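In: sequence first, predicted coordinates after that:
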Amino acid sequence: MFGRAPKKSDNTKYYEILGVSKNASQDDLKKAYRKAAIKNHPDKGGDPEKFKELAQAYEVLSDPEKREIYDQYGEDALKEGMGSGGGAHDPFDIFQSFFGGNPFGGGGSSRGRRQRRGEDVIHPLKVSLEDLYNGTSKKLSLSRNVICSKCKGKGSKSGASMKCSGCQGSGMKVSIRQLGPSMIQQMQHPCNECKGTGETINDKDRCPQCKGEKVVQEKKVLEVIVEKGMQNGQRITFPGEADEAPDTITGDIVFVLQQKEHPKFKRKGDDLIVDHTLSLTEALCGFQFILTHLDGRQLLIKSQPGEVVKPDQFKAINDEGMPMYQRPFMRGKLYIHFSVDFPDSLPPDQCKALEAVLPQEHQSSCLTWSWMNVRRQLYTM
């Protein structure tokens with residue numbers, strides 16, 4: 001973050017909350033926080049706001065870089081760079097990180113250790129219109145992280161770990177650079193010493209299976225069931241199958257259906273549309289043709305006796321559209337969208353034959369017919 005160096009504001013509040021002097025050592029801060037946090041813990045009838053203030057003060061003052069910013073510029077600088085008062089972490093998480101468990105004994109905290117939720121993993125899944133019409137299943141092989149079975153996610157042979165001295169167990173560090181007389185750059189980033197975990201493991205104590213990473217990779221085969229009538233963009237979720245991590249609620253694997261374009265059929269909701277071109281003779285005198293459907297069935301499409309089809313006309317066929325999702329025995333409509341292929345010209349004898357059979361109000365000379373045809377072509381170009 002870039003900005004002007006903030007004016008000095010109150011930089012004694014956090015020391016007063018913990019009841020220590022401004023030159024207090026790290027040991028002094030730990031002792032003060034321990035005593036006050038136990039006394040004010042909500043599970044022991046303490047004031048939740050006071051408990052939150054203690055955690056916020058300890059989080060800042062126990063981190064050398066945050067403390068330096070606070071001592072130099074006060075609380076306002078932390079608000080600008082790290083959110084409200086620099087207290088971005090949950091007070092209960094800071095308490096658990098400090099004590100490493102429940103200091104009260106017995107049944108433990110009613111709140112317990114708070115677990116964050118892991119991220120969902122999103123995969124696009126391309127499917128054909130035939131897949132969505134008939135339903136299908138696809139087996140997909142994926143790699144994911146799982147808790148190491150040898151160390152149970154501890155990362156060490158002994159099961160022990162130490163709080164990172166670089167970030168005081170918070171997993172985050174703050175860096176500040178003076179860019180000019182009245183300009184500073186302030187950034188918060190994951191601790192490079194512990195990779196944002198807040199813990200470090202002795203090299204000799206690292207788990208031989210996961211090398212201290214706490215997780216290992218495994219192959220997972222998932223069978224994705226695409227049901228009849230599913231839509232483009234619809235999600236198929238596998239709860240709790242994403243990457244595992246210690247103290248984390250495992251996220252989901254989500255497949256998002258992406259329908260591939262079909263060369264013949266177009267889908268609109270539960271309906272299907274197919275284009276078909278008729279000759280002028282078929283449009284006037286009747287037609288029939290075979291349409292191969294998405295399930296391989298062959299449908300005979302034909303006109304009614306005496307039916308005349310106009311350009312851009314639609315013909316609806318009930319119950320031949322898409323199956324309805326979770327109601328597969330109900331289907332939408334199939335629409336045939338007609339276009340008519342007009343001849344470029346007609347011989348005079350055919351013009352006379354047409355004039356003899358067409359209704360009186362539509363009779364015209366071959367010249368007029370040709371001119372109308374030219375106008376139509378020019379209009380549609």
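Out: Cool, got the structure.
In: please count neighbours and contacts with C-alpha atoms only from this point.
Out: Will do.
In: could you find the closest non-adjacent residue to residue 318?
Out: Nearest residue to residue 318 in three dimensions, chain neighbours excluded: residue 333, at 4.7 Å (C-alpha to C-alpha, 6 or more residues apart in numbering).
In: tally of neighbours for the one you found?
Out: Residues within reach of residue 333, counting by other C-alpha atoms under 10 Å, total 19.
In: before we move on, what about the one 5 residues further on?
Out: Using other C-alpha under 10 Å as the criterion, residue 338 is surrounded by 19 other residues.
In: my read: the residue nearest to residue 318 touches residue 321, true?
Out: Yes. If you go by C-alpha atoms under 8 Å, residue 333 and residue 321 touch, sitting 4.2 Å apart.
In: got any residues that touch both of these two?
Out: Residues touching both residue 333 and residue 321 (C-alpha atoms under 8 Å, 6 or more residues apart in numbering) are 270, 271, 272.
In: of those, which belong to helices?
Out: Among the shared contacts of residue 333 and residue 321, no member falls in helices (DSSP state H).
In: any chance of a markdown table for those residues, columns distance to residue 216 and pLDDT?
Out: Output for the shared contacts of residue 333 and residue 321, formatted as a markdown table (distance: C-alpha to C-alpha, whole Å; pLDDT from 0 to 100):
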| residue | distance to residue 216 | pLDDT |
| --- | --- | --- |
| 270 | 45 | 97 |
| 271 | 47 | 98 |
| 272 | 47 | 98 |
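In: quick one: the residue sitting nearest the centre point of the chain from residue 238, how far?
Out: The residue lying closest to the centre of the chain (C-alpha atoms, centre = their mean) is residue 122, at 5.8 Å. Between residue 122 and residue 238 the computed distance is 11 Å (C-alpha to C-alpha, to the nearest Å).
In: which residues do those two both contact?
Out: 253, 254.
In: rewinding a little: give me the buried subset of the shared contacts of residue 333 and residue 321.
Out: 270, 271, 272 (16 or more other C-alpha atoms under 10 Å).
In: where in this structure is pLDDT low?
Out: 1-10, 79-89, 96-115, 180-182, 360-381 (pLDDT under 70).
In: okay, domains of it per the record?
Out: With domains defined by the TED database, the chain comprises 12-75, 265-341.
In: compute the first-to-last residue distance for the shortest one.
Out: According to C-alpha to C-alpha, domain 12-75 extends 9 Å from its N-terminal end residue to its C-terminal end residue.
In: repeat for the last one
Out: Distance between the boundary residues of domain 265-341 (C-alpha to C-alpha) amounts to 20 Å.
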